[in-house]
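Q: what follows is a predicted structure for the sequence shown.
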Amino acid sequence: MTVRLRAHHLLCMLTYVGKGYTPDFCANYDKIAARLTRGEDIEIVAGPDDVCAPLLATEAPHCHNDSVLVRDAQAAAAASDMLGATVAPGYRFALDAALLARFRAAFAAGTSRTACGGCEWSGLCDTIAGAGFDGARLSGGR
């Protein structure tokens, strides 16, 4: 199977520690982190993805907001730099331990975090990255 992710969730997944918008959101994200850890491929999508799914039935989900689309574009640019390929809808790749380490190093250094500006979770992500990603649910992949 393949995990469908919008580009900014490539950054969010690095520091996900089981906290989120709702219990259903967290349960879903836990499953996604486990799938990625088992080595499932990632496919970049435009708009709401597998992470967004539990929020789509709520009133006015932020998943469609213009600010989120801007965040996706900024994250895609950062991911393109790290992957050496153009990250756009339809792009597929596997997240292995070396690539996860590269993503996390760039995140911790702040070089891939343009998309994080103004995010309500940024403080939590700073703390997780500062602690060496201790407690993050995603691990090395295949």
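A: Nice, I can see it. Numbers count the residues shown, from 1 in each chain.

Q: how much space between the residue lying farthest from the centre of the chain and residue 112?
A: Largest separation from the mean C-alpha position in the chain: residue 59, at 22.9 Å (Cα atoms, centre = their mean). Distance of residue 59 to residue 112, computed by Cβ to Cβ, to the nearest Å: 32 Å. C-beta: built from backbone N, CA, C; applies to glycine.

Q: residue contacts, residue 32?
A: By Cβ atoms under 8 Å, 6 or more residues apart in numbering, residue 32 lies in contact with 3, 13, 50-51.

Q: in strands only, show me these.
A: residue 3 (DSSP state E).

Q: restricted to helices, list the contacts of residue 32.
A: The members of those that map onto helices under DSSP state H are residue 13.

Q: out of the contacts of residue 32, which comes closest to residue 83?
A: Closest approach to residue 83 among these (Cβ to Cβ): residue 13, at 14.7 Å.

Q: pLDDT at the closest one, what is it?
A: Residue 13 carries a pLDDT score of 96 in this model.

Q: brilliant, that's me finished.
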